[in-house]
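# Provided below are the primary sequence and the corresponding predicted coordinates.
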Protein chains: 2
Amino acid sequence: MKILIIGGNGTIGKKVSNHFSKKHEVLIAGRNSGDVTVDIAASQSIENMFESVGNVDAVVCIAGEAKWAHFDSMTEEDFYIGLKNKLMGQVNLVRIGQKYLNSGGSFTLTTGILADHPVDMTTSPAMVNGAIHSFVKAVSLELKDGIRINVVSSGLVEDSVTKYEDYFPGHNPIPMKKVINGYVKSVEGKGTGEVIRIYDT
Amino acid sequence: MKILIIGGNGTIGKKVSNHFSKKHEVLIAGRNSGDVTVDIAASQSIENMFESVGNVDAVVCIAGEAKWAHFDSMTEEDFYIGLKNKLMGQVNLVRIGQKYLNSGGSFTLTTGILADHPVDMTTSPAMVNGAIHSFVKAVSLELKDGIRINVVSSGLVEDSVTKYEDYFPGHNPIPMKKVINGYVKSVEGKGTGEVIRIYDT
């Protein structure tokens, strides 16, 4: 399979890309590095990326930002950071990318445990994640040519524990191997419209 | 209790307003009619509404739009209709309204079954509903002064069956009495961070 991994150089992306590279042709897209660059917050950039990469069998997105802050300090604009980037960035990947996916291909998006188990300061990322979960269920009813779509929602991943553990009191870290398997299940499995929850709560 | 019901003249709003009026002081806000007018897609309009109404014990929102269309016809802008109106409209009601809620007061938002059980042409409304579910869970961790927040997510309501049944194949209509009870549970109960699902699937 030819697999395009957006965010393939990130904390999770690196491990996922390495894994898929063993069996598949992997192309990495990153904001500043990779085989191709992309800013998912800009539709034109997504269009350019697909133009340059051509048709693929799987698109995996492990990218997207949303602002973490106390709710009483969040402005309306602060919420739009996540809506434009992590939410509409991933929606636009599907909207534009469906034209570049080979028949029977798949999209795999990424959210996180905050959709279901939010913590302090996560009104925006929780919202964005929940939005994507429902979007994936809805769009799976409409994609054509056997194209599938799923989303991987993981708890705090092992490789980010040092950086984020204070924000996730009592959360059990998810081993990277399990996280990788979430993506494998989506890309190499046959399911569609699935929210692949990898939680240990 | 002094209860502000945004969308209190709509299909569901009318029944909910009538019910609460028996025991409480109800103020209705509508786009073009009611005790006060408001366009929830505009923060300034929300601010003006609260300025005019003053402090209340409960805010109930049964309003908000999102575009229904086939995914392959949805533009990026089409998705922003729902994001700006039904999603950020309700988020802004909470963001601005928290200053006008009496201690121990409550917010009750409205979504719908599409968050969990989407049908054809609902990528945008499903996304918005899912976003609000996760937002409500997250923001309930941060609201101060005992302020609560819940969201009522109902299936196809009895009073809308004629208009919408073709879009919801096989969905069992929800009696209006059960829908009303969802709002009663949120406003008069003690729960917070709850997604009050009223489904019959």
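Good, I have the coordinates. Numbering: from 1, shown residues only, chains lettered A, B, ... in the order given.

# contacting residues for the residue minimising distance to the centre of chain A?
Nearest to the mean C-alpha position of chain A, by C-alpha atoms, centre = their mean, lies A:Thr110 at 2.4 Å. A:Thr110 is in contact with A:Gly7, A:Ile12, A:Cys61, A:Ile62, A:Ala63, A:Gly64, A:Gln90, A:Val151, A:Val152, A:Ser153, A:Ser154, counting by C-beta atoms under 8 Å, 6 or more residues apart in numbering or on different chains. Every C-beta, even on glycine, is put in place using the N, C-alpha and C of the backbone.

# can you check A:Val119 too?
Applying C-beta under 8 Å, 6+ apart, the residues contacting A:Val119 are A:Tyr167, A:Phe168, A:Pro169, A:His171, B:Leu141.

# same question, A:Lys14
A:Gly8.

# quick check: what element follows the host helix or strand of it along the chain?
Using DSSP states H and E, A:Lys14 maps to helix A:11-21. Per DSSP H and E, the first helix or strand lying C-terminal to helix A:11-21 is strand A:25-30.

# and stretch A:117-132, what's buried?
A:117-119, A:121-132 (16 or more other C-beta atoms under 10 Å in any protein chain shown).

# am I right that A:Thr108 sits in a strand?
Yes: note on A:Thr108: a strand contains this position according to DSSP: H, G, I helix; E, B strand; the rest coil.

# could you list the low-confidence segments of chain A?
Chain A contains no residues with pLDDT under 70.

# what are the boundaries of the strands in chain A?
A:2-6, A:25-30, A:36-37, A:56-61, A:101-110, A:148-154, A:194-198 (DSSP state E).

# parallel or antiparallel, list what pairs with the last one.
Spelled out, that is strand A:194-198. Here strand A:194-198 has these sheet partners by DSSP bridges: strand A:148-154 (parallel).

# ditto for the second one
On the basis of DSSP bridges, the sheet neighbours of strand A:25-30 come out as strand A:2-6 (parallel), strand A:36-37 (parallel).

# how far does that strand sit from the chain's center?
Offset of strand A:25-30 from its chain centre (C-alpha atoms, centre = their mean, to the nearest Å): 14 Å.

# so which bits of that strand are buried?
A:Val26, A:Leu27, A:Ile28, A:Ala29, A:Gly30.

# about what we covered before: okay, the strands of chain A in TSV with distance to A:Tyr80 next?
Listed next are the strands of chain A as TSV, based on distance: least, C-beta to C-beta, whole Å:
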stretch	distance to A:Tyr80
strand A:2-6	21
strand A:25-30	23
strand A:36-37	23
strand A:56-61	19
strand A:101-110	19
strand A:148-154	21
strand A:194-198	24
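
# out of these, the one nearest A:His70 is which?
Smallest distance to A:His70 across the strands of chain A (C-beta to C-beta): 23.6 Å, for strand A:148-154.

# and the closest one with strand A:56-61, angle?
On the basis of axes from the mean of the first three to the mean of the last three C-alpha atoms, to 10 degrees, strand A:148-154 is oriented at 30 degrees to strand A:56-61.

# ok now strand A:148-154, how far from the chain's centre?
From the chain centre to the centre of strand A:148-154 is a distance of 7 Å (C-alpha atoms, centre = their mean).

# ok, A:Ser124 touching A:Ala66?
Yes: using C-beta atoms under 8 Å, A:Ser124 makes contact with A:Ala66 at a distance of 4.7 Å.

# coming back round to it: nearest to chain B among the buried residues of strand A:25-30?
A:Ala29 (19.2 Å; C-beta to the nearest C-beta).

# that closest one and A:Leu4 touch, don't they?
Yes: in this structure, A:Ala29 is within contact of A:Leu4 by C-beta under 8 Å, at 6.2 Å.

# okay, and the common contacts of the two?
Overlap of the contact sets of A:Ala29 and A:Leu4 (by C-beta under 8 Å, 6+ apart) consists of A:Met49, A:Val53.

# doesn't A:Ile149 make contact with A:Leu101?
No: judged on C-beta under 8 Å, A:Leu101 makes no contact with A:Ile149 at a distance of 9.8 Å.

# which neighbours do those two share?
Both A:Leu101 and A:Ile149 are contacted by A:Phe107, under the criterion C-beta under 8 Å, 6+ apart.

# would you quantify the distance from A:Asp200 to A:Thr110?
Distance of A:Asp200 to A:Thr110, computed by C-beta to C-beta, to the nearest Å: 18 Å.

# for chain A, what's the longest helix?
In chain A, taking DSSP state H as the definition, the longest helix is helix A:123-139.

# tell me which other helices or strands that helix touches.
Packing partners of helix A:123-139 (3 or more C-beta pairs under 8 Å, 6 or more residues apart in numbering or on different chains; DSSP states H and E): helix A:76-82, helix A:88-97, strand A:148-154, strand A:194-198, helix B:123-139.
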